[in-house]
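[1] sequence below, structure please.
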Amino acid sequence: MGRSFSSFDFGDLQLDNVYLRHSKTKEIKEELNIPISSEDINAVNLLNEEQRCAYDKIYRRVIENGTGSFVLDGPGGTGKTFLYTTLLVNLRARVLIYLAVASLGIAAANLAGGRTSNSRFKIPLDIENNKSSQISK
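    Alright, predicted model coming up:
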């Protein structure tokens, strides 16, 4: 929510780092354990001009805690997955957590740590009026 623990007046109460290390959810632990290689990080230098423009806009918006939605569109083989992978790796290298989701299993399988949105957010496949996502905070 954009606030740190220290911005609240809790008196002498301190965060216990041991507790924090062990209290991470399974999803957070999985995201933090996605391997990052220097080859993947340096892939940013292999982006073409259009990919680099998209990369720079999205990366800057994320790092500045900005809001927005981005849609990458193009025919197969134009490097959308390469761009997404490069973006995710460079954000994760900053020890930030980003969930890679896709609407199709094939697309999700092409991204490190990728899953379908139904799987990631526990969205029920049989939609009823009173059902909602079951993902925990």
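
[2] so where is the protein shaky, pLDDT-wise?
    Judged against pLDDT under 70, the low-scoring parts of the chain cover residues 1-2, 4-6, 8-24, 125-137.

[3] now the helices for it?
    17-22, 26-32, 38-41, 49-63, 80-92, 105-109, 117-120 (DSSP state H).

[4] tell me the most buried of those?
    Using mean count of other Cβ atoms under 10 Å, the stretch among the helices of the chain with the greatest mean number of neighbours is helix 80-92 (a mean of 20). The way it works is simple: take the backbone N, C-alpha and C, and place the C-beta from them, glycine included.

[5] middle-most residue in the chain, spatially?
    Computing the C-alpha centroid of the chain and ranking residues by Cα atoms, centre = their mean puts residue 98 first, at 1.5 Å.

[6] distance-wise, check the nearest residue to that one once chain neighbours are set aside relative to residue 101.
    Counting by Cβ to Cβ, 6 or more residues apart in numbering, residue 98 lies nearest to residue 91, which is 5.2 Å off, once chain neighbours are set aside. From residue 91 across to residue 101, the span is 15 Å (Cβ to Cβ, to the nearest Å).

[7] then residue 118?
    Applying Cβ to Cβ, one obtains 9 Å for the distance of residue 118 from residue 101.

[8] how about residue 65?
    To residue 101, residue 65 is 20 Å away according to Cβ to Cβ.

[9] can you verify my assumption that residue 99 contacts residue 120?
    Yes - the criterion here is Cβ atoms under 8 Å, and residue 99 meets it with residue 120 at 5.9 Å.

[10] list the contacts for residue 74?
    If you count contacts by Cβ atoms under 8 Å, 6 or more residues apart in numbering, residue 74 has them with residue 80.

[11] sorry, wrong one. I was asking about residue 87.
    The contact partners of residue 87, by Cβ under 8 Å, 6+ apart, come to 55, 58-59.
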